[in-house]
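Novice: Below: sequence and its predicted model.
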Amino acid sequence: MSFAPTSPVTGATVTGLTTPTYTLSADSPPDVNAKQFAVTALGGTQTGVDVHSVSKPFTLAMFKPKKMNALPQANSTTGIIKDVPNNVYKIIGRKGAVPAANQVPRTAIINMSISIPAGTDTYEAEEIRAQWSAFVGMLNQNSSALCDVFLTGIL
């Protein structure tokens, strides 16, 4: 299964948005190892929110490593694998927004980096699944509170 969000995406619960949905359209990714989608329509009540445009981007992208790392051989004497490389994936969300009256839009960026030790994808895949499940669950459960932190600076 590859990264292919089903459109529309139902947004998380965030104060000020009522039943938000986002219609996604495939977009040209910024690199060959990525997939990108632009938000082309909104659903629910999202007063003042704009869809993707050149000057106010609204995109979601995922990047995979350009070169996948494999688990190296264990030391023949000790049986220990000394340096386990990581495969780093990135998910980036971009949203253009105007910072003040009579100003040009600036781009807010959410940049998530996921670093998976080589070998765990096959040896203990369930651990990676559990980690991701808990992490996304925490984000979803706390989506409004996290957004408040971004807006108030109060942790």
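Specialist: Arrived safely, thanks for sending.

Novice: what about the most centrally placed residue in the chain, distance to residue 37?
Specialist: Taking Cα atoms, centre = their mean, the centroid of the chain lies closest to residue 91, which sits 3.3 Å from it. Distance, residue 91 to residue 37, by Cβ to Cβ, to the nearest Å: 11 Å. (Glycine included, C-beta is placed from N, CA and C.)

Novice: one step back: ok, then the element right after the helix or strand the residue nearest to the centre of the chain falls within?
Specialist: Assessed by DSSP states H and E, residue 91 sits inside strand 86-97. Downstream of strand 86-97, the next assigned helix or strand under DSSP H and E is strand 106-117.

Novice: Report the buried residues of that following strand.
Specialist: By 16 or more other Cβ atoms under 10 Å, the buried positions in strand 106-117 come out as 116-117.

Novice: Hmm, the residue nearest to the centre of the chain is touching residue 135, no?
Specialist: No. If you go by Cβ atoms under 8 Å, residue 91 and residue 135 don't touch, sitting 11.4 Å apart.

Novice: what about residue 38, how many neighbours?
Specialist: By other Cβ atoms under 10 Å, 20 other residues sit near residue 38.

Novice: wait, isn't it in contact with residue 28?
Specialist: No. Using Cβ under 8 Å, residue 38 is not in contact with residue 28, being 9.3 Å away.

Novice: low pLDDT regions in this structure?
Specialist: 1 (pLDDT under 70).
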